[in-house]
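In: I need the structure of the sequence given here:
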Amino acid sequence: MAPAQGFVAAQQQPRTDGGQFTHKQHAEPLTLDLWDDEGTFEYPPPPRSADQVVAFWQKVPIPDAALANFRSGYEQMYRSWVMAASREFQAANPIPSQEGKAAAWTQARDAHIADRLKGRPRRMPQSDVRPIFRATAIWLQSRQLPPEEKERARSARTTSPENGRTVSIGTMVDIWQSHRLEGVMHDPTASDLAHLRKLDDVSGHLRYVADNSAYLPQVAQSTTETAQATLVAHGLVDEFDL
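Out: Model (predicted):
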């Protein structure tokens, strides 16, 4: 005869030495820290301290494409400074109508531009791009730290191997105004890949529209073909998979 269900449950319930029922012991739940991660360039770990932020950006590999993007961004920013200083001078000193005064006007304008850009390097030397990038990344991510830790990160000092000059992270960023380049501090190839993958999703949606819409099938089909051609051109999908 099979034992009653209640009897089985009672036999499985733990008892004390006196025969009384007691609570069943459970193992302690596992704990883990999903944010305590080494991180990568595109996906850095969350900032916890000045030491951690500095240590991460000092060693993480930075793609050459991101460095080139950063350097190009600085050159564009410098040109914008030149144009702004030139417009400022011209607003106060209109271009002379007499040809004989043009040379003097140009000389005065160039002197004004040089004065406005005093202390701003014209170009970012190739050997300095990576250190400046790292310093800028430390400066930017330190914004998420408490005030004291943020100051510690930005006051971290480094020495240039070329001239032996020791400067702080904050000074480097100030000289290059590189915190303004946050929008170009990424690997453009990785970013483009992400955008093209989104195009793949759009392509699938438009394919659905082309198949199910009685109103815009030609427009949808044309747009789908354009999206598909872009994906094939960038090697994201094989032509035979479409």
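In: From here on, just use CA atoms for contacts and neighbour counts.
Out: Noted.
In: a strand runs through residue 48, doesn't it?
Out: No - under DSSP: H, G, I helix; E, B strand; the rest coil, residue 48 sits outside any strand and is assigned coil.
In: so what's the closest residue to it other than its chain neighbours up against?
Out: Nearest-residue entry for residue 48: residue 145, 6.9 Å, with adjacent residues in sequence omitted and distances by CA to CA, 6 or more residues apart in numbering. Applying CA atoms under 8 Å, 6 or more residues apart in numbering to residue 145 gives the contacts 47, 48, 49, 50.
In: Kindly recompute the last result at 7 Å.
Out: The contact partners of residue 145, taken as CA atoms under 7 Å, 6 or more residues apart in numbering, are 47, 48, 49.
In: again with residue 81
Out: For residue 81, counting by CA under 7 Å, 6+ apart, there are no contacting residues.
In: Could you measure from the closest residue in space to residue 63 that isn't next to it in sequence over to residue 62?
Out: Setting aside the residues directly before and after it, residue 63 is nearest to residue 187 in space (CA to CA, 6+ apart), at 6.6 Å. The spacing between residue 187 and residue 62, counted by CA to CA, to the nearest Å, is 9 Å.
In: so where's the protein shaky on pLDDT?
Out: Using pLDDT under 70 as the threshold, the predicted model of the chain has low-confidence ranges 1-25, 36, 161-162, 191-242.
In: Could you chop it up by domain?
Out: Domain assignment for the chain, taken from automatic domain parsing, gives 64-184, 188-241.
In: Span of the first one from start to end?
Out: To tie it back to what came earlier, the one meant is domain 64-184. Taking CA to CA, the first and last residues of domain 64-184 lie 13 Å apart.
In: Among the contacts of residue 145, the buried ones, what's the ChimeraX command?
Out: Applying 16 or more other CA atoms under 10 Å to those leaves a buried subset, and the ChimeraX line that selects it is:
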select :47,49
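In: related to what we said a few turns ago, OK, contacts around the residue nearest to residue 63?
Out: When contacts are counted by CA under 7 Å, 6+ apart, residue 187 touches 63, 65, 66.
In: I'd like these laid out as CSV, including secondary structure.
Out: Written out in CSV, the entries for the contacts of residue 187 read as follows (three-state DSSP):
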residue, secondary structure
63, coil
65, helix
66, helix
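In: Strands along the chain, start to end?
Out: For the chain, strands defined by DSSP state E occupy the ranges 157-159, 166-168.
In: Let me know which of these is the nearest to residue 108.
Out: Proximity to residue 108 (CA to CA) singles out strand 166-168 among the strands of the chain, at 33.8 Å.
In: Pull out the buried positions in that closest one.
Out: Buried residues in strand 166-168, counting neighbours by 16+ other CA under 10 Å, are found at residue 168.
In: I'd like to know which elements it is packed against.
Out: Taking 3 or more CA pairs under 7 Å, 6 or more residues apart in numbering; DSSP states H and E as contact, the helices and strands that strand 166-168 lies on are strand 157-159.
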